[in-house]
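Engineer: After the sequence you'll find the predicted model.
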Amino acid sequence: MSEELKVYEEKMEKSIDALLNEYASIRAGRANPHVLDKIKVDYYGTPTPIQQVGNISVPEARMILIQPWEKSLIRPIEKAIQTSELGINPSNDGSVIRLVFPELTEERRKELAKDVKKKGDGAKVAIRNIRRDANEAFKKMEKNDEISEDDLKELTEKVQKLTDKSIEKIDKAVENKTKEILTV
């Protein structure tokens, strides 16, 4: 019986993980190397993640330092950052690339906080859809005499508990990210 639940629990976990990954790429005024996660560099004709072509460090709260393993990569890395949606102009001194993150305006912080809440709401909808799918699957199983009425009731309750737990995790993530964004 727990195999049936496992599938839906994994789907809920994946929804939460997707949300957390999205949050990691939202810049909140502080330098976070995860903002570079989706950026690919043209490395000898192959789109390659920045993390695989250089060393990334955060020497100051609002600066990311990228030290390419090959000097010839400085231009392609700069180009990849400029064409990305990061909105930051990289500067280089011939051996390292610096990304200086400007202080966020109050208005931009509120905008980001709203976006965080919207993404959280989207994740909650996904969780509730998974719950609905689970309950429909269980009802079908009961109808086909694969499980008893008592089993159906128990599974429905367990799915509800999973849903509540997942939504609680999402609320916590939204709260934490919002706090991080609004903290100056």
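Structural biologist: It's in. The structure displayed is predicted, hence computed values, not measured ones. Numbers count the residues shown, from 1 in each chain.

Engineer: Ile88 should be in a helix, yeah?
Structural biologist: No - according to DSSP: H, G, I helix; E, B strand; the rest coil, the state of Ile88 is coil, so it is not within a helix.

Engineer: Could you number the chain from 171 rather than 1 from now on?
Structural biologist: Shifting the count to begin at 171 puts that one at Ile258.

Engineer: Which strand or helix spans the closest residue to it other than its chain neighbours?
Structural biologist: Take Ile258 and drop its neighbours on the chain: the residue closest to it by CB to CB, 6 or more residues apart in numbering is Leu269, 5.2 Å away. C-beta here means a position set from N, CA and C on the backbone, and glycine is covered the same way. Leu269 belongs to strand 267-270 when assigned by DSSP states H and E.

Engineer: Show me what secondary structure element comes after that strand.
Structural biologist: Heading C-terminal from strand 267-270, the first helix or strand you meet, by DSSP H and E, is helix 276-313.

Engineer: so where do the strands sit in this protein?
Structural biologist: 210-213, 216-219, 224-230, 233-238, 261-262, 267-270 (DSSP state E).

Engineer: would you turn those into JSON lines with mean neighbour count and distance to Lys284?
Structural biologist: Compiled in JSON lines, the strands of the chain are given as follows (neighbours: other CB atoms under 10 Å; distance: least, CB to CB, whole Å):
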{"stretch": "strand 210-213", "mean neighbour count": "18", "distance to Lys284": "29"}
{"stretch": "strand 216-219", "mean neighbour count": "12", "distance to Lys284": "29"}
{"stretch": "strand 224-230", "mean neighbour count": "14", "distance to Lys284": "26"}
{"stretch": "strand 233-238", "mean neighbour count": "19", "distance to Lys284": "25"}
{"stretch": "strand 261-262", "mean neighbour count": "12", "distance to Lys284": "31"}
{"stretch": "strand 267-270", "mean neighbour count": "18", "distance to Lys284": "25"}
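
Engineer: I'd like these as TSV, with mean pLDDT and distance to Asn191 appended.
Structural biologist: Converted to TSV, these look like this (pLDDT from 0 to 100; distance: least, CB to CB, whole Å):
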stretch	mean pLDDT	distance to Asn191
strand 210-213	87	16
strand 216-219	88	14
strand 224-230	88	17
strand 233-238	90	18
strand 261-262	87	28
strand 267-270	88	20
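
Engineer: Contacts made by the strand holding Leu269 with the rest, please.
Structural biologist: With contacts defined as CB atoms under 8 Å, 6 or more residues apart in numbering, strand 267-270 is touched by 201, 232-238, 244, 247-248, 251, 256, 258, 260-262.

Engineer: From Thr218, how far out is the residue of the chain most remote from its centre?
Structural biologist: Each residue of the chain has a distance to the centre, and by CA atoms, centre = their mean the biggest one is for Asp315: 40.5 Å. Going from Asp315 to Thr218 by CB to CB, to the nearest Å gives 54 Å.
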